[in-house]
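> make a model of this:
(chains A, B and C)
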Amino acid sequence: MKKIIHLTINELDHEIAVEPNKTLADLLRYDLKLTGTKKGCDTGDCGACTVIMNGDPVNSCLVLAVQTNGSRIETVEGLSTDEGIHPIQKAFVEKGAIQCGYCTPGMIMSTKSLLDKNPNPSEQEIREGISGNLCRCTGYTKIFEAIESLRS
Amino acid sequence: MKEFDIISTRANRIDTPDKATGRAVFVDDISRPGMLYGALLQSPHAHAKILSIDTSKAEKLKGVKAVITSKDAGSIKYGVSPARYDETVFAIDKVRYVGDEIAAVAAESLDIALAAVDLIKVEYEILPAVLTIEEAMKDGAPLLHEGSPKNLCAEVHQEFGNVEEGLKNSDIIITTKMKNKRQDGAFIEMQGCIAEFDNLGVLTLTSSTQVPHYVQRTVAMVLGMDIGKVRVIKPYVGAGFGIKASANPMELACCILARKTKKPVKMNYTRDQVFMLARARHQFSHTITTGAKKDGTLMAIKHECWLDGGAYTSFGIATVYYTGSLLGGPYKLDNMSYDGYRVYNNKPACGAQRGHGAVIARAAFEQQLDMIAEKIGMDPLELRIKNMMETGDTTCNDLNMSSFGMSECIEAVRKGSGWDQKKGKMPKGKGIGMACGFFVSGAGYPIYRSDTWHGTVIVKLTEDGGTALVYTASAEIGQGSDTAFAMIAAETLGIPLENVRLASGDTDMGVDLGAYSSRQTLMTGHATKDAAEHAKRQVLEVLAEQLKAPVENMDIRNGFVEFKGAAPDFSELRTRYIKEHRGWIDNPTSEKLSFKEASRIAFLERGSIVGTGKYKPHNLGGKFKGAAVGTSPAYGCSAQVAEVTVDMETGQVTIDKITDAHDCGKAINLTSVEGQMQGSVSMGIGEAMHEEVIFDKQGRVLNHDLAEYKIVTSMDMPKVEAIVVESDEPNGPYGAKEVGEGAIMPTIPAILNAVYDAAGVRLNELPLTPERVYNAIQEYKEKNKIK
Amino acid sequence: MLLPKFEFHEPGSIKEALELKKKWGSTARFLAGGTDLLVHLKKKIITTDHIISLQRIESLARITAHPDFVEIGACATMAAISETPVIQAKFSALKSGVDNIGTHLIRNRATLGGNVCNASPAGDSLPALLIYKALVLLESLDGKREVPIEEFFKGPGKTDMKADEILTGFRLPNPPVHSGAHYIQLGKRKSSEINVVNVASFLEFDPKTKKIIDARIALGSVAATPIRSLKAEALLKGKIAEETSFYEAGEKARFEDCKPIDDFRGSAAYRRAMVGVLTKRTLTTAFKLAGR
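I've put the predicted structure just below:
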């Protein structure tokens, strides 16, 4: 039986009827067409589906949509503003931190959460802050450089 | 004035703003009105006869629109190399591995499709399965394919020079074995596709592929369609590394379902299905004997290799040749023999992966070079320099190094790593090691025998003037090829990069063999340059007519027409341009005639300005059997130094730093070149340290997820210092050649040599799990009576 | 991958949760962080008709410091535990245990109660709970009970929790002064790892005599459940706290206390050897911390 949930996604209020067995990742991607959030495994191993839920980055493939009732969700689509793309996105572009781009939205959401909590992370903290986001293309080096360039 | 305006810079990639904002569209992001969802039935058995398939229950399930088996798909064989087609879309008489496709369903939703798959009843007669080379080669072993006795899929025997003589004249002879483990590509985007027919019978397949062209040919052949009615589109792709470099059974099943249902059908692999399809790096078992003189001169290599192939050939025939042909270089060597065997067994098929065929041979051989150096008391770096090929040299198997900055790479990593200060001076448990490697810049020949152009490109100037549209069927899969071609087009046309728009990955745009064998920058790059020159020439010809000035006195640069000597009066042309654009606010006021004005005038005179470009390599290689494999118009090369710490009590190896220098010819985009180097190193580290596809006794993959199949995480990745060494490759566009695969070659042996330096142990089996290293250390301690 | 169909319940109190569990019996499962449950459901390793989410029961997520002990709610996430000052100050081995679970993303959802109920022999939080003498707090409609953690694990995936019970949290007595503890896990890579061996050690010593007053060692991934290394512990008591004692304890743990098996993650022999090394190393660090 579907349940009605209320949640905020990228500062927009939503009221949605969802099947209990639908994950947040599938709700975002297939129902709300927020396809910036990617799926690379569906079992919480790759981090491509990372979104920020109530301030913390999570694997949206391991959260039931019904569990997000009353939650605040941020996805990659919510980062850009009227002024243009977010400084994290800009740094990823300029430092060459993106190759195939499939891990990128998740990687950027982890980075956002990391920098929100710790504007001046050490190298080790940067590594830990994206340790759940697998990237097979870049060898992470340029991702580290992009995040380092954002230290305040 | 510098040589180039656009290339050899760090321009931002043209695709990454969309990728950073979530706007870039990958196949699973697409949906179509009325779209159905497909699912596959795959064999749970490694080897079994199919006695019967009953789809009746599945067909009756509400919401199911089609159930297909080999009855619908037919018996046309396909594969990678036409001489070795050994697959059908669905198993006909028997299944050969856990995952072999048997049937597919299309339904209104994915859960209905999956439920229907569960309702298909298959009666099997279980056959004995062979899961290793040894089992498969045993007398009386069950055969996977008729006509392949002893399950031998392919064998290669080659000798260049005289190996026996070479070894006889050697002072030092070293024989070692080396074995890796089967890999998985572990790209983050799982394969997916959408197939749809329009009302005129044209099939469009949108797929996560590296090779739209080969997929188009395979689909047309298997479905019995006119190739002109098959269009393959590659949206953004979440990487491939070789695994997505051929048509897969899901794509074919999806097309057949779309034909049967007359609806768009979407299919996706789950992560465990990615492991089941496999097609990644083989397990190689090498035995190599190398002979050298006391002064370090390399004399001969005798090389034998066994490839654990899996159930089908896939790229295997190319792999088994590459394994031999890419060994001897980058060193001067007159005598080399190779005996290669690829064996079928009841596991998923292996195929091509970054550094196709050559990575483990290199891991074995580059360790031997260190062993020789140690025996003769020579710095291993000096030994390599002593034997190094130079620009213009040709290997004994006819591979020509038309540019070769290998020695420069060695010097770069010597300096970059502080080799001279560190080698032999590190404390116990810490070590430094180095290795070299090289790789093709595109295969010299297509996978099927043909005189085809390897790449064609169209550059069309917009009719209003000012923008160049580049159309190519090439495959951006993350490596940055779209940006490289946009940069080449901009450089050639002489206009700013932002005035180039590029569309790629669509077979309607031309022929391009795709993203494999590190071919695109050189080959599609050539075709892009050719097309841009053609378009530019037309513009300049019109200008010459209009201004009555010789065409050879004109050029376009930075968006403006440059004249040799005094500029002719172009005010008439400008007036004409401005008249065309009454009411527009951006009328030209520049001192120079702009490209925008010139291309508009060209359109007014000639109609749409379209430049076409094409490329295929000149005839390459020798005349012997298999001579084609390994040929390339150019070779990239690299040297790496690895620094490691070995925990002598636990066997844990930490890679502290990698210094990597790569000769990529002229770097089109420096940032992208470094990215390929760093990415290659990370894949090499994964293979050296953690990665291994493990099977149970029933032939099922045990670690079929990204938790248990361990690629490098942000916590494992060392600092990589990437040093770009530029040379001028005569066969490359603007002197460019490969970087995407050559850079993985030295990684594994550099690590192995560093581990030896740190711990005194030579490992001849990968990956370097703590346990394997620990065991080697214990063995070493026992042998040397160390407590 | 799709989840099977199920009914979703979201009780607001422990009592309500227990009533739902009673009503649906074995067809219902509790959902805490979901990082294992949802994966197992997707992979069809388990099935369920009802999911009872514990997420809305606020008391279950609390971490409370009392004068003599700390109580950690079953639904406290690994990230929350790691960031709690009292855990950082007094239970550093538990912090390092929870910091090693999964990835930073998993730790924002995964809960200590979930990790304990999964009862994996390799579970990262479990050895620390053993050496800190945690009490498992259980509740049913009939009342509450407390079980020492070392009696709680019954086998891989099996615990002492009854079908009508809920695990509400853990009580960890404050460690004495002059004590320290440390945890090391050994895997193949540095993030998102499933352990080959994991060991936690606790050490209390007399600063005057340097003699060891108490020692507790817990070994993971070397038996059907995480276990205490009792013979090694006994060996240490009364000995001088120094490298040779720690080495001997390691050898004792290696040869007499663990029962590892071969599997695709590692061989029994290697696991044994690493029990020795990690026991020695965790004791050495625990001693250093105890002396601070």
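> number of residues surrounding residue A:26?
25 (other Cβ atoms under 10 Å in any protein chain shown). Placement of C-beta: from N, CA and C, glycine included.
> just say helix, strand or coil for it.
Following DSSP: H, G, I helix; E, B strand; the rest coil, we place residue A:26 in the helix state.
> what sits against it?
The contact partners of residue A:26, taken as Cβ atoms under 8 Å, 6 or more residues apart in numbering or on different chains, are A:61, A:65.
> and chain A, which residues reach chain C?
A:1, A:3, A:19-23, A:42-45, A:47, A:50, A:53, A:56-59, A:61-64, A:66-67, A:69, A:110, A:128-133 (Cβ under 8 Å from any Cβ of the partner chain).
> buried ones only from the residues you listed, please, as a PyMOL command.
In PyMOL, a selection of the buried entries from these looks like this (16 or more other Cβ atoms under 10 Å in any protein chain shown):
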select buried, chain A and resi 3+19+20+21+22+23+42+43+44+45+47+50+53+56+57+58+59+61+62+63+64+66+67+69+110+128+129+130+131+132+133
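> what about stretch B:199-218, distance to the chain center?
From the chain centre to the centre of stretch B:199-218 is a distance of 20 Å (Cα atoms, centre = their mean, to the nearest Å).
> hey, C-alpha coordinates of it in PDB?
Taking Å, rounded to 0.1, in the frame of the first residue of the first chain, the C-alpha atoms of stretch B:199-218 are listed here in PDB:
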ATOM      1  CA  ASN B 199       7.300   3.200 -38.100                       C
ATOM      2  CA  LEU B 200       9.600   2.900 -41.100                       C
ATOM      3  CA  GLY B 201      11.400   0.000 -39.600                       C
ATOM      4  CA  VAL B 202      14.500   1.800 -38.500                       C
ATOM      5  CA  LEU B 203      16.000   0.500 -35.300                       C
ATOM      6  CA  THR B 204      17.700   2.900 -32.900                       C
ATOM      7  CA  LEU B 205      19.700   1.300 -30.100                       C
ATOM      8  CA  THR B 206      20.900   3.700 -27.400                       C
ATOM      9  CA  SER B 207      23.600   1.900 -25.400                       C
ATOM     10  CA  SER B 208      26.400   2.200 -22.900                       C
ATOM     11  CA  THR B 209      29.100   1.200 -25.300                       C
ATOM     12  CA  GLN B 210      32.600   2.100 -26.400                       C
ATOM     13  CA  VAL B 211      32.000   1.000 -30.000                       C
ATOM     14  CA  PRO B 212      28.800   2.100 -31.600                       C
ATOM     15  CA  HIS B 213      30.200   1.000 -35.000                       C
ATOM     16  CA  TYR B 214      30.900  -2.600 -34.100                       C
ATOM     17  CA  VAL B 215      27.600  -2.800 -32.200                       C
ATOM     18  CA  GLN B 216      25.800  -1.500 -35.300                       C
ATOM     19  CA  ARG B 217      27.300  -4.200 -37.500                       C
ATOM     20  CA  THR B 218      26.700  -6.900 -35.000                       C
END
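> just the ones in helices from the residues of chain A next to chain C, please.
A:110, A:128, A:129 (DSSP state H).
> residues contacting the closest residue to chain B within chain A?
With Cβ to the nearest Cβ as the measure, residue A:36 is the residue of chain A nearest to chain B, at 1.9 Å. Contacts were defined as Cβ under 8 Å, 6+ apart; by that measure residue A:36 touches A:75, A:76, A:77, A:105, B:21, B:22, B:23.
> ok, so of these, who is nearest chain C?
Among those, and counting by Cβ to the nearest Cβ, the member closest to chain C is residue A:105, at 13.4 Å.
> wait, doesn't the closest one sit right on residue A:38?
Yes. Between residue A:105 and residue A:38 there is a contact under Cβ atoms under 8 Å: 6.0 Å.
> identify the contacts common to those two.
If you check residue A:105 and residue A:38 against Cβ under 8 Å, 6+ apart, the residues they both contact are residue A:48.
> hmm, stretch B:471-488 touching chain A?
Yes. Using Cβ under 8 Å from any Cβ, stretch B:471-488 comes into contact with chain A via B:477, B:478, B:479, B:480.
> CA atoms of that stretch as CSV?
What follows is stretch B:471-488, C-alpha atoms only, in CSV (Å, rounded to 0.1, in the frame of the first residue of the first chain):
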residue,chain,number,x,y,z
TYR,B,471,30.2,15.5,-36.0
THR,B,472,32.0,12.2,-35.2
ALA,B,473,30.8,8.7,-34.5
SER,B,474,33.7,8.3,-32.0
ALA,B,475,33.0,7.4,-28.4
GLU,B,476,33.5,9.7,-25.5
ILE,B,477,33.5,7.3,-22.6
GLY,B,478,35.1,9.5,-20.0
GLN,B,479,38.6,9.8,-21.5
GLY,B,480,38.1,13.2,-22.9
SER,B,481,38.0,12.5,-26.6
ASP,B,482,35.2,15.0,-27.3
THR,B,483,37.3,17.7,-25.9
ALA,B,484,40.4,16.6,-27.7
PHE,B,485,38.6,16.7,-31.0
ALA,B,486,36.9,20.0,-30.3
MET,B,487,40.4,21.4,-29.5
ILE,B,488,41.9,19.9,-32.6
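> near chain C, which residues of chain B?
B:110-111, B:114, B:270, B:649-650, B:652, B:689-690, B:694, B:702-703, B:707-708, B:710, B:712-716, B:767, B:769-771, B:774-775.
> now intersect those residues with the helices, please.
Residues of these located in helices (DSSP H): B:110, B:111, B:114, B:689, B:770, B:771, B:774, B:775.
> the bottom helix or strand of chain B by mean pLDDT?
helix B:571-580 (a mean of 93; mean pLDDT, DSSP states H and E).
> packing partners for that one?
Judged by 3 or more Cβ pairs under 8 Å, 6 or more residues apart in numbering or on different chains; DSSP states H and E, the packing partners of helix B:571-580 are helix B:520-547, helix B:595-606.
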